[in-house]
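Participant: Fold the following for me, if possible:
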Amino acid sequence: MRTGEPLPAVGEVLAALATGLWHWNTATGLVTVDSEAARLLGLPPEQATLSQAQVRSRLHPVDWNEISGVIQLAVAEGTLGEARVRIMDERGRVIRVGRSRFHASFDREKRSYEVTGSLQEVSEPAPGTSAGRTAVTGDWRRSREAFLLDAGRALAEARSTAEVLRVAAGLSMPGFSPDGLAVFGVTGDRLTIIGHHGHQPGDEDPFTHMALETDYPAAEVVRTGRAVYLSSPERYKDRYPVTWPLAAPFNRQSWAFLPLTVAGRTMGAWMAAFAYPVAFTPDERSVLTTVARMLAQALSRAEATESAQELTDGLQRSMLPKLGPEIPGMRVAARYVPTGGGLQVGGDWYDMIPLPNGRFALVIGDVQGHDVRAAGLMGQLRIALRAYASEGHRPDAVLSRASRFLHGMTLGSLDEDPSELRFATCLYVEVDPTTGLLDIARAGHPDPAIRMSDGTVLSRPTAGGLPLGIDPDADYPTTRITLEPGETMLICTDGLIETGGHDLETGWKRIRTILEDHDGDLEELADGLVQAVHGPSSHHTTGPLADRREDDIAVLLLRRQGDGRGGGSAHGQGTAAVPLTIRRTMLSVAQAEPERVAVARQQLRELLHDWASEDQVDSAVLLLSEMLTNVLVHTDADALVLAEVRGEPGGRRLRVEVTDTSDDLPHKRRPGELASSGRGLLLIELLAQAWGVDPRGEGKSTWVELYESADGSDVA
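Facilitator: As a prediction, the model looks like this:
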């Protein structure tokens, strides 16, 4: 061709290069091909307009499906698409392999693609070459699909940003794994680094807080929302000369910067850097784009989860108090564990309140529900209880006022939604640190438990009323017990008992075992309780209700300092002071509460759980029943039971006292064979090894004693 002569027509040039042209409009479903493209497709060499079905019949089915994905990727990235296709004859045999490069556009109104491209014949690639990793290599495609499935599952299971970054760093892409990764975020108008892999600490410093207007690939990706592929250092240097000096020291050969887009918003960028040249074929770009989308979704979920967790943790911390100053002679420990699902916020709480009389109050409670409303009501109820207690009211009055307060708060919402009516269980304990006296008022809450100095654990039944908020005029009777030196009181919400599919019975057995076996300080005991019911070991001891929803856990422990040992000999004789282990329980039985006789019997059995002789335990329970029944039947007074065990196992002494305010002393009778009463003292004289009646000024005390023998036999 001479200078100045006109250029030949494009069609002639392409025909000379054995390259055909084609145009595809997905709205009409028609494909127009020139004569060379028709020849390559195995059709007569003339221009033709074909249907999609006719073209599909000439291409390998796998390659036809691949072309659709490549077209979508090219439109999303604003780049040219490229695909290798196998061309088939009428018998389904491959007659040649072609390569097509094309430009695609998307019409949003018609929701259709228009694609114009070229087609030329190529030779089959050699195995292991870069061209071998193309759309026509089935093994690589299967590896890619398996990789994407594994990557998607791993990213979907990641719960935090750190876990997402760890998964991303461990991804091994089929055939072209990067050795350097970085995830960029956006704060205001600045680019930040969320995490990186394959770099030394401090390498990220030049890229931190980079302005989005900077001539840097990640900044451009965030601005435009389009990926940037740099297949060589020369390409990087030519396109980004200003920031190339920042990337040069890492000695990478190829880079891919992809947008992290969620719901149409670009939240950052992902960089994959390679130590060897990568051509970034359409298949490789498709893998990188898919991973970037999954990574963006995972980071978005992790960010939302962490934000919600931070919010709820802050809310719960602000509502739960710090335990007060050191209490002379006593130690307090507390724990709170939110439920494992949802917002991890609920209605459980605990509190420690200094009182005007020099005592202090321990409060634990549970507002119905595991949502934000439950947490809000809990915060308001806790403040109200603290206010009523600080005014100097007794435990029963504090709970009565709190019930009226909660009922008034929730009653107003019934016009809108009857389900908004909430109630709360609560246990209020007024503690006298000097004497160890505990005045307990209970509103539908689990009873407290006492761990004695020798490890014996007793459940302390207490009088109670309805949960707070149900009846504004409800009464809450007070029960008084004494916390002896060396004893520990446990109060908790039902979450500690029922977590792990347990009910109140099986859950209490589990808690009791933990209390009995533990021999550390109070903080270690609190940790041990939570770990046993909420840690990994709890999954091995699930209860009968395995599908029960997990609940919040609140725990309060109160220990009275001392070793629980007193002076005196086992039988109260001798002059030398011999330290003895003391185990004691006290219970009141009112005239109007004869059912508490059964509670007293159970308390005594628990007190004697390790007594050597079962017959003596039965005798002790029978003697207690006789003494209590004598008070309830023959006097108008209430009874106070005090049971005490002194000494070491094998040689202990049990003393049971029943005190009342009546001055009438019991006396022996000679009942006939048909008499229904009158044998109480005869039984006492027969079964007790020592007994007596002591006047007490106003009233009397009837007592019996039993002595344990080392071999478990009764002592005459």
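Participant: hey, let's count contacts and neighbours off CA atoms from now on
Facilitator: Fine.
Participant: correct me, but residue 361 touches residue 437?
Facilitator: No. Assessed by CA atoms under 8 Å, residue 361 is found out of contact with residue 437, at 11.7 Å.
Participant: Neighbour count for the two, which is higher?
Facilitator: residue 361 (21 against 16; other CA atoms under 10 Å).
Participant: Let's see the pLDDT reported for that one.
Facilitator: Residue 361 carries a pLDDT value of 93.
Participant: so when I look at it, I'm seeing a helix, right?
Facilitator: No. Residue 361 is assigned strand when assessed by DSSP: H, G, I helix; E, B strand; the rest coil, not a helix.
Participant: How much space separates it from residue 382?
Facilitator: Residue 361 sits 13 Å away from residue 382, going by CA to CA, to the nearest Å.
Participant: What count of nearby residues applies to residue 384?
Facilitator: A total of 17 residues lie near residue 384 under the criterion other CA under 10 Å.
Participant: Name the secondary structure element that contains it.
Facilitator: Residue 384 belongs to helix 372-390 when assigned by DSSP states H and E.
Participant: now for the helix or strand following that helix, which elements pack on it?
Facilitator: Following helix 372-390 in sequence order, the next helix or strand is helix 395-411 (DSSP H and E). Secondary-structure packing of helix 395-411 (3 or more CA pairs under 8 Å, 6 or more residues apart in numbering; DSSP states H and E): helix 372-390, strand 424-431, strand 437-443.
Participant: Using a markdown table, lay out these together with distance to residue 332 and mean pLDDT.
Facilitator: Shown next, in a markdown table, are those (distance: least, CA to CA, whole Å; pLDDT from 0 to 100):
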| stretch | distance to residue 332 | mean pLDDT |
| --- | --- | --- |
| helix 372-390 | 18 | 86 |
| strand 424-431 | 12 | 94 |
| strand 437-443 | 14 | 93 |
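Participant: got TSV for those, with distance to residue 617 too?
Facilitator: As requested, these are arranged in TSV below (distance: least, CA to CA, whole Å):
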stretch	distance to residue 617
helix 372-390	42
strand 424-431	31
strand 437-443	28
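Participant: For the stretch 101-250 of the chain, which segments count as strands?
Facilitator: Ranges of strands in the stretch 101-250 of the chain, per DSSP state E, counting those that start in this stretch, are 112-122, 180-187, 190-197, 210-211, 228-230.
Participant: Buried ones in the one helix or strand residue 12 maps to, by neighbour count?
Facilitator: Of the helices and strands defined by DSSP H and E, residue 12 is found in helix 10-16. For helix 10-16, a neighbour-count test (16 or more other CA atoms under 10 Å) marks residue 14 as buried.
Participant: rewinding a little: dump the strands of the stretch 101-250 of the chain into TSV; add mean pLDDT as well.
Facilitator: Output for the strands of the stretch 101-250 of the chain, formatted as TSV (pLDDT from 0 to 100):
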stretch	mean pLDDT
strand 112-122	89
strand 180-187	88
strand 190-197	85
strand 210-211	86
strand 228-230	92
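Participant: Make CSV out of the ones you listed and add mean neighbour count and distance to residue 656.
Facilitator: CSV is the format used below for the strands of the stretch 101-250 of the chain (neighbours: other CA atoms under 10 Å; distance: least, CA to CA, whole Å):
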stretch, mean neighbour count, distance to residue 656
strand 112-122, 18, 93
strand 180-187, 21, 73
strand 190-197, 19, 70
strand 210-211, 18, 80
strand 228-230, 20, 87
